[in-house]
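A.B. asks: structure, please.
(one chain, ligands or ions: 1)
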Amino acid sequence: MKIVLIGGAGGIGSSVAFNLLRTQTPYDIVVVDNRDNMITSHVMDLQDALSLGGARSIRGGTASDALDADIVVVSAAVPLRLNTSRDVFLHDNASLLAGIVDPLVASGWSGVFILMTNPVDPLLTWLSRRTGWSRNHLLGYTLNDTQRFRTGIAVALGIAPQTVTGVVVGEHGAGQVPVWSSVRVNGKPVTLTSAQRDIVLDYIDNWYIRHVALDSARTSTWSSGLGGALMVEAVVHGTEDPFPASVILEGSYGVMGISSSTPCILGPTGLVRVLEEPLESEELAKFAGVARKIGELADSITV
Ligand SMILES: NC(=O)c1ccc[n+]([C@@H]2O[C@H](COP(=O)([O-])OP(=O)(O)OC[C@H]3O[C@@H](n4cnc5c(N)ncnc54)[C@H](O)[C@@H]3O)[C@@H](O)[C@H]2O)c1
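C.D. replies: Just a heads-up that it's a prediction; the model follows:
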């Protein structure tokens with residue numbers, strides 16, 4: 001099972017690599033990046049963790065390593081700078097992604113492509129048109145929204161996040177649609193008061209703005225690295241439990257041809273099934289508006 005991490009020497013990529021090493025799956029992991037010294041630094045470090053997990057190998061590589069990869073995880077991106085929206089990186093990251101996917105398309109590659117680079121939904125919508133790949137092979141990483149929803153609810157209720165489940169659909173980040181009717185604590189449905197909802201909304205809506213304002217030059221590398229590795233594991237082993245991902249919607253939530261987050265069943269061929277979350281009418285209206293915005297952003301890419 002060859003996993004190629006493009007942007008693999010960055011914060012997210014190296015954290016995905018580390019978390020893959022901790023699984024019991026015999027991965028052959030290849031780190032590809034345009035910073036050779038950082039590839040070497042991470043590989044020298046990570047290869048000494050091989051004997052503590054199930055992965056078979058980790059090495060540095062080049063873009064051509066992707067041509068026979070089972071799964072390509074892309075977190076390559078232009079450097080983070082102060083901003084208030086992931087959308088400011090749309091055009092620069094689209095140019096960079098074009099250089100990554102065009103050789104894969106030309107080679108007829110048919111593995112599973114997981115995009116972590118932001119803004120993930122418009123970039124995936126555009127990539128689906130550019131590559132012509134089936135939506136089954138084109139997945140966007142959006143688990144963090146659901147994780148932040150769980151954390152926010154745990155904070156609002158003063159309970160452990162592990163006891164909370166609940167789903168977020170829609171856009172990764174700013175246009176996320178939290179599904180209040182999906183909230184469960186210890187498996188039982190819970191209705192939050194409006195004051196509790198406000199605490200949750202403040203947490204999930206402002207997390208990104210608060211984090212970027214720190215000007216730390218890093219993103220959510222620990223949570224996304226763990227989540228990215230869990231997504232790879234979900235694809236490789238298949239999941240019975242829904243895994244949230246951005247995928248091209250074909251009618252779910254009334255949306256066609258736009259990539260947005262929804263719970264999915266994943267397996268070795270990528271997307272196995274989209275699960276449509278039942279939404280209230282205001283939630284559906286928000287989803288429709290967000291999907292329009294994602295489509296307009298994708299349309300604006302001219303690479
Ligand atoms: N989807 C999510 O939930 C989520 C969460 C966190 C971060 N992100 C996004 O992931 C991306 C990466 O974040 P990060 O913290 O790892 O950033 P980073 O700057 O640490 O890493 C990006 C890496 O990409 C490399 N790179 C740039 N162009 C390349 C190319 N053409 N080929 C190979 N490598 C290339 C850089 O050298 C760098 O090492 C950003 O777009 C960020 O917004 C997404």
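A.B. asks: quick check, pLDDT for residue 83.
C.D. replies: With respect to pLDDT, residue 83 scores 82.
A.B. asks: ok, now residue 174?
C.D. replies: For residue 174, the model assigns a pLDDT of 90.
A.B. asks: what secondary structure does it sit in?
C.D. replies: What DSSP: H, G, I helix; E, B strand; the rest coil gives for residue 174 is coil.
A.B. asks: which ones are touching it?
C.D. replies: 85, 86, 205, 208 (C-beta atoms under 8 Å, 6 or more residues apart in numbering). C-beta here means a position set from N, CA and C on the backbone, and glycine is covered the same way.
A.B. asks: okay, now the residue nearest to residue 217 when sequence neighbours are not counted: neighbour count?
C.D. replies: Closest residue in space to residue 217, ignoring its immediate chain neighbours: residue 80 at 5.9 Å, by C-beta to C-beta, 6 or more residues apart in numbering. Residues near residue 80, counting by other C-beta atoms under 10 Å, number 17.
A.B. asks: any idea which element residue 80 lies in?
C.D. replies: Counting by DSSP states H and E, no helix or strand carries residue 80.
A.B. asks: which ones among the contacts of residue 174 come in contact with the ligand?
C.D. replies: residue 86 (C-beta under 6 Å from any ligand atom).
A.B. asks: neighbour-wise, which one of the contacts of residue 174 leads?
C.D. replies: Neighbour tally across those (other C-beta under 10 Å): the maximum, 23 neighbours, falls on residue 86.
A.B. asks: quick one: contacts for that one?
C.D. replies: For residue 86, the contacting residues are 118, 119, 172, 173, 174, 208, by C-beta under 8 Å, 6+ apart.
A.B. asks: which one of those sits closest to residue 25?
C.D. replies: residue 172 (26.0 Å; C-beta to C-beta).
A.B. asks: so who does the residue lying closest to that closest one once chain neighbours are set aside touch?
C.D. replies: In this structure, residue 172 finds its nearest non-sequential neighbour in residue 142, 4.5 Å apart by C-beta to C-beta, 6+ apart. Shown in contact with residue 142 (C-beta under 8 Å, 6+ apart): 120, 121, 168, 172, 244, 245, 246, 261.
A.B. asks: go again with 10 Å.
C.D. replies: Contact analysis of residue 142 by C-beta atoms under 10 Å, 6 or more residues apart in numbering lists 116, 120-121, 124, 168-173, 176, 227, 231, 243-247, 259-262.
A.B. asks: which of these fall in helices?
C.D. replies: If you go by DSSP state H, the contacts of residue 142 have 120, 121, 124, 227, 231 in helices.
A.B. asks: re the thing from before, contacting the ligand as well, which ones from the contacts of residue 142?
C.D. replies: 116, 120, 172.
A.B. asks: the last one: neighbour count?
C.D. replies: What that stands for is residue 172. 29.
A.B. asks: ok, now which ones touch it?
C.D. replies: Contacts of residue 172 (C-beta under 10 Å, 6+ apart): 86, 116, 118-122, 124, 140-145, 208, 244-246, 259-261, 294.
A.B. asks: noted, bye for now.
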